[in-house]
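In: Sequence first, predicted model second:
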Amino acid sequence: MKRTISILLVLVLVFAAMLTGCAPKAEPAPAAPETPAPAEEPKAEPLKVGFVYIGSAKDGGYTQAHDEGRLYLEQQLGDKVITMYKEDVPESSECEKVINDLVDQGCTVIFTNSFGHMDYTEKAAQAHPDIKLYHCSGYKSGPNFSNYFGAMEEARYLAGIVAGLRTQNNTLGYVAAFEIPEVVRGINAFTLGAQSVNPKVKVKVNWTHTWYDPAKEKEAAKALLDAGCDVLAQHQDTTATQQAAEERGVWAIGYDLDTRDSAPKAYLTAPVWNWGKFYAAEVQRILDGKWKQENYYGNMKDGLVDLAPLTDNVAPGTQEAVDKVKAKIIDGSFYVFQGPIKDQTGAVRVPEGKSMTFDEIMSVDWFVQGVEGKIK
Amino acid sequence: MIMPITIRAIKKSEPGRMKAASIRIGAIILALVASSLFILLLSLNPADVYIKMIQGAFGTAYRIKETIVKAIPLVITSLGIAIAFKMQFWNIGGEGQIAIGSFAASYFALYMNDMPMPLMLTVMILAGMLAGGLWALIPAFFKAQWGTNETIVTLMMNYIALKWVMFLQYGPWRDPKSLGFPKIANFPQNAVLPKLLGVHVGWVIALILVVVVYIFINHTKKGYEIAVIGESINTARYAGINIKKTILIAIMLSGGLCGLVGMIQASAVNYTLSVEITGGVGYTAIITAWLAALSAPLILIVSILFAALLEGGSYIQTVFGIPQAAAEILQGIILFFVLGSEFFVRYKFVIVKKHSAIAEKGAD
């Protein structure tokens, strides 16, 4: 018994020593701001901005693209803002709880980054009328609740051109998350882009029903490779699809971020997001007192979406083909969803000379001809 | 000559209270030391992090409420699991019973919701408890009838239950207004448990159940019979206890409580059914029930502390900007030592020399 007590005492001492050991390290931190504090007093409190992420901030894809935007915001606005983020927030009531937690911690501006966060963000917006909420990729909004997203279809179309020129057997694969308009729109744009340079091309779709699950994504990619696809595209948050392609010695197109290093032999390019500019501009507007509720749908012209630089893995002549269309997209002379467009049954959905309206592409629930897959 | 020596763990006959307490305190100190090393690796100050963890769980009225909301399902599920464990029936099926309970309650909330609120909620509670109880009854029946291994059967049935909910969410119950996103429609307002003092009334239910289960286990004949079966099935047989019947009743109660958790989580927290409804509570509650030595009052305390650990861990993640994984490692380290200490409370190590009898090397 005595010995046990003495061991405990030693442990307590060790622990105490460790804490005191850390103390000097910690002390300068509070000490430093103390002295200049009186001088800075008139300065406004920094604005606390919260981010709610569906995946890990280092997922190598979708969430990381948002997190790079957050870091850009911090870098641009310096000590005028403090940012916080919460990772792996599921598309359930947990999202609402995390928003409440961030509000409790002083955030007055909050961004949520996944489609399924929408209803919970809306709920939180109604509960906190003084907080500004932003939801990425949805369609709802309210007095203090805006949605923001972008015309990824433009970059997807260009990615389709890259894939259509690269494929040797005219069979492309697409690892896709959920059967919602955002994903369907991307698959259609990709297919139309590929067909514009290679009319014989087919796009096989495999659904994973997850945004972020490297193991499932890879399994889905392998199934497409087994079905003969030689270029894979993805609407998933990680690089698992690209790695599957790399292992089989075929090609892949990433998403969200330039991830050339994760699959150096397979990676061709990726449709990418540049969230930083939007985040910085939006928060700056709030700081300037010029905020008003507004939904945002950015595009390639704004620089919100882009096609990452092509690697040496692309087919010859790809750069020229991409540049030509990209210039037209930016100057407004080309629109991805302009007729004639046929659906999977061969029926003309968008006649020659007509274009799909914004509302139509926001609620699209049919595939264009050449897609092999089912919605629902 | 080299003497072959092995170290063996021997079950202690009667762990002394003082000794047990000192082992537990030692474990907590060790946990703090080990997590401090990890926190130092993240170049943060451990004292800071611990203080923030406590603040994150109890720092404001809002955070206390959130900790309580986290604790409610843990308390009730732990109570349910404790009844089964008391009988040495290893019910690992809390997850599945929660899922099935929430499924049954959701059916009424979604498709037969033309009722006034008190009736609606009563129907949902009964449906959830009945469904959870019946789901648990399947492995109990197999065990009572043919002596199958309930650990395996309850565990496997979790997957069936969760996949069933997933099937509904992706298929027949998918909200047509969700534009293809796999989500079940939210419950109407009359199917949502009301709040009392800022927290949904699940907390009242949990408190009542703590008292009820305590009385049931300690002061009723059935409760005593359950304990006897757990201690020795032969004794129970000699005493003339109807073993089959008692097993079935106890497990029906155990599963019923888990099913009730499903109803509460769907109605008050999630406002609908989803595959995320269980949140791993069915497994976490095994830890809390065990740490609380299957005692109802202790379950209440342990569950609140556990909820505080979860809430605090979540809080430090945003405050210090550390990854979710790092916060989870911290929780894991603390849990590892606390659970590990239970082993040392119950067992002691002795050195066994091959040719001699057991030589005790006691510290006291």
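Out: Here it is on my side, so go on.
In: Identify the residues contacting the residue nearest the centre of chain A.
Out: Nearest to the mean C-alpha position of chain A, by CA atoms, centre = their mean, lies residue A:62 at 3.2 Å. With contacts defined as CB atoms under 8 Å, 6 or more residues apart in numbering or on different chains, residue A:62 is in contact with A:54, A:55, A:113, A:211, A:212, A:236, A:237, A:255, A:256, A:273. C-beta: built from backbone N, CA, C; applies to glycine.
In: quick one: pLDDT of it?
Out: Reading off the confidence values, residue A:62 has pLDDT 93.
In: wait, is residue A:203 part of a helix?
Out: No: when classified by DSSP: H, G, I helix; E, B strand; the rest coil, residue A:203 is found to be strand rather than part of a helix.
In: Next, the contact list for it, please.
Out: In this structure, residue A:203 makes contact with A:172, A:173, A:174, A:187, A:190, A:191, A:194, A:233, A:370, A:371, A:372, A:373, judged by CB under 8 Å, 6+ apart.
In: burial count for residue 235?
Out: Just so you know, I chose chain A. If you count neighbours by other CB atoms under 10 Å in any protein chain shown, residue A:235 ends up with 28.
In: oops, chain B please
Out: By the other CB under 10 Å criterion, the neighbourhood of residue B:235 contains 11 residues.
In: do residue A:144 as well
Out: The number of residues packed near residue A:144 is 17, by other CB under 10 Å.
In: what's the closest non-adjacent residue to residue B:324?
Out: residue A:87 (4.4 Å; CB to CB, 6 or more residues apart in numbering or on different chains).
In: next one: phi and psi at residue A:110?
Out: Note on residue A:110: backbone dihedrals following degrees, to the nearest 10 are phi -140, psi 130.
In: which one is it nearest to, not counting chain neighbours?
Out: Residue A:110 sits nearest to residue A:50 (CB to CB, 6+ apart), 4.3 Å away.
In: in the sheet, who's paired with that neighbour?
Out: residue A:84, residue A:110 (DSSP bridges).
In: show me what contacts it?
Out: The neighbourhood of residue A:50, defined by CB under 8 Å, 6+ apart, consists of A:83-86, A:99, A:102-103, A:105, A:107, A:109-111, B:318.
In: Select from these the one having the most neighbours.
Out: residue A:111 leads the contacts of residue A:50 on contacts (other CB under 10 Å) with 30 neighbours.
In: pretty sure that residue contacts residue A:54?
Out: No: judged on CB atoms under 8 Å, residue A:111 makes no contact with residue A:54 at a distance of 11.8 Å.
In: residues touching residue A:371, list them.
Out: A:187, A:188, A:191, A:202, A:203, A:205, A:344.
In: which SSE is the residue most central in space within chain B in?
Out: Taking CA atoms, centre = their mean as the criterion, residue B:285 is the residue nearest the geometric centre of chain B, at 0.9 Å. If you go by DSSP states H and E, residue B:285 is part of helix B:281-291.
In: right, and the helix or strand after that helix?
Out: Heading C-terminal from helix B:281-291, the first helix or strand you meet, by DSSP H and E, is helix B:296-320.
In: thinking again about what came up before, may I ask which two of the contacts of residue A:203 are separated the most?
Out: Among those, the pair separated by the greatest distance (CB to CB) is A:194 and A:373, at 14.4 Å.
In: neighbour-wise, which of the two wins?
Out: When neighbours are counted by other CB under 10 Å, residue A:194 and residue A:373 differ, and residue A:194 comes out ahead with 29 against 16.
In: Do a quick rundown of the helices in the stretch 101-250 of chain B.
Out: Assigned by DSSP state H, counting those that start in this stretch, the helices in the stretch 101-250 of chain B fall at B:117-146, B:150-170, B:202-219, B:221-231, B:233-238, B:243-264.
In: got the residues of the stretch 51-200 of chain A near chain B?
Out: For the stretch 51-200 of chain A, the residues in contact with chain B under the definition CB under 8 Å from any CB of the partner chain are A:56-58, A:84-88, A:90-94, A:97, A:100-102, A:104-105, A:115-116, A:119, A:139, A:178-181, A:184.
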